[in-house]
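> here's my sequence, what's the structure:
(one chain, ligands or ions: 1)
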Amino acid sequence: MSFQHKHILGTEQLSREDIELILDTAESFKDINTREIKKVPTLRGKTIINLFFEASTRTRTSFEIAGKRLSADTINISASSSSVVKGETLEDTARNIEAMHPDIIVMRHGASGAPHYLAERIDCSVVNAGDGAHEHPSQALLDLLTIRQHKTTLEGLTVAIVGDITHSRVARSNLYAMRTLGMNVRLVGPGTMVPKGIEKLGCEVYTDLNEALEGVDVVMMLRIQLERQGKTLLPSLREYASLYGLNPSNLKLAKEDAIVMHPGPMNRGVEISSYVADGPQNVILEQVENGVAIRMALLYLVAGGSEGEV
Ligand code: CP
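Residues are numbered from 1 along each chain as shown. Predicted coordinates for the structure are as follows:
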């Protein structure tokens, strides 16, 4: 099966078949990352530019590693070291980069829709590495790969996504993809942090964490995004931790074999206690490990690869 998308802008545009192809392709790349020689010639001759206008540890590094392990030439540009600080517009930056003929631009930007804007104006593929509070597709896909590795099948599983849903591109990308795959999604948070009407996307909304955790297969905790909140949406971090923080006691409400996820970076002691973050049910570093394989799969598929050739 071949992949029909030139760009990866969000999971909203991906079908069940697309998602399964990406997960299967990532599985086939996984073992490269633990070999002694962690490199294959698959994308030799391709040029990938990582254009990051926002801070990142996991996403930027793993896209860079993914490109290098596939033998692509990978260049990183961050806003602080680019001519953006001199006032250059996004479109001018993109057109100048495109004049150097890259094959793929991986972009993170604080404005929702920025990668879509870019994709409409330039010829090469664009991969969204997180746009504002809109989508973070590669994160959702690595989350799904991690869940599939623990639960075998995804359809019918129940997932609680807990925290600042309004500002979370991770929550939105997971919600779209999980609904496409027939998973049950519970969104949990204070009323000020859950968008009105989001139930229309096919999820259940809870304001009580204990109720939401009852019998779930997966608990996904989100970071409080203070940098995206225009005004304070919670009385105090201490109160938030007591009402919405995951700890060993409330985790017992989930299924005994439930897994605990977090996209990082974590606020230990706020949305998640260290006992849980480092406890036996956490799969947080597996998520990071799977991030490299998922990003290898995305780069490979938008560059024109198909499943049987891996
Ligand atoms: N999960 C995630 O996007 O982490 P970074 O901000 O470190 O890339």
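
> anything in stretch 141-157 near the ligand?
No. Stretch 141-157 does not reach the ligand (Cβ under 6 Å from any ligand atom); its nearest approach is 8.8 Å. C-beta here means a position set from N, CA and C on the backbone, and glycine is covered the same way.

> mind listing the strands for the stretch 201-310 of the chain?
Here the stretch 201-310 of the chain has its strands, by DSSP state E, counting those that start in this stretch, at 204-206, 218-221, 259-261.

> closest one to the ligand among those strands?
Set against the ligand and scored by Cβ to the nearest ligand atom, the strands of the stretch 201-310 of the chain come closest in strand 259-261, at 10.7 Å.

> relative to the ligand, how far out is the closest residue to R223 other than its chain neighbours?
Closest residue in space to R223, ignoring its immediate chain neighbours: N267 at 5.8 Å, by Cβ to Cβ, 6 or more residues apart in numbering. Distance from N267 to the ligand, counting by Cβ to the nearest ligand atom, to the nearest Å: 13 Å.

> on that earlier part again, mind putting the strands of the stretch 201-310 of the chain in a markdown table, distance to the ligand and mean pLDDT included?
Below are the strands of the stretch 201-310 of the chain laid out as a markdown table (distance: least, Cβ to the nearest ligand atom, whole Å; pLDDT from 0 to 100):
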| stretch | distance to the ligand | mean pLDDT |
| --- | --- | --- |
| strand 204-206 | 23 | 98 |
| strand 218-221 | 12 | 98 |
| strand 259-261 | 11 | 98 |
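
> which of those strands is buried the deepest?
Neighbour counts (mean count of other Cβ atoms under 10 Å) averaged over each of the strands of the stretch 201-310 of the chain peak at strand 218-221, with a mean of 26.

> and that one, which strands flank it?
Applying DSSP bridges, strand 218-221 is found paired with strand 158-162 (parallel), strand 259-261 (parallel).

> nearest to T146, out of these?
For the strands paired with strand 218-221, proximity to T146 was assessed by Cβ to Cβ; strand 259-261 is nearest, at 6.8 Å.

> next one: the residue nearest the centre of the chain, what pLDDT does it get?
By Cα atoms, centre = their mean, the mean C-alpha position of the chain lies nearest to Q139, the distance being 1.5 Å. Listed pLDDT for Q139 reads 98.

> and for G230?
Reading off the model, G230 has pLDDT 51.

> same deal with G308?
57.

> please apply the same query to T89.
T89 is assigned 89 on the pLDDT scale.

> kindly report the same for S236.
Note for S236: predicted pLDDT of 84.

> how about the contacts made by it?
Shown in contact with S236 (Cβ atoms under 8 Å, 6 or more residues apart in numbering): no residues.

> scan this protein for its longest helix.
Using DSSP state H to define each element, the chain has its longest helix at helix 284-302.

> tell me the contacts of whichever residue of the stretch 151-300 of the chain sits closest to the ligand?
Going by Cβ to the nearest ligand atom, the ligand is nearest to P263 of the stretch 151-300 of the chain, at 3.8 Å. P263 makes contact with 58, 136, 139, 143, 170, 220, 222-223, 287, according to Cβ under 8 Å, 6+ apart.

> one more pass at 10 Å, please.
Neighbouring residues of P263 by Cβ atoms under 10 Å, 6 or more residues apart in numbering: 58-59, 130, 136, 139-140, 142-143, 168-171, 174, 220-223, 284, 287-288, 291.

> picking that back up, closest to K68 out of the strands paired with strand 218-221?
For K68, the closest of these is strand 259-261, at 26.4 Å, according to Cβ to Cβ.

> go through the contacts of P263 and flag which are in helices.
Filtering the contacts of P263 for helices - DSSP H - leaves 58-59, 139-140, 142-143, 169-171, 174, 284, 287-288, 291.

> still on that earlier bit, so can I have TSV of the strands of the stretch 201-310 of the chain showing distance to E239?
Formatted as TSV, the strands of the stretch 201-310 of the chain follow (distance: least, Cβ to Cβ, whole Å):
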stretch	distance to E239
strand 204-206	18
strand 218-221	17
strand 259-261	22
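
> so which residues on the stretch 51-200 of the chain come close to the ligand?
Within the stretch 51-200 of the chain, the residues that sit near the ligand (Cβ under 6 Å from any ligand atom) are 56-59, 130, 139.
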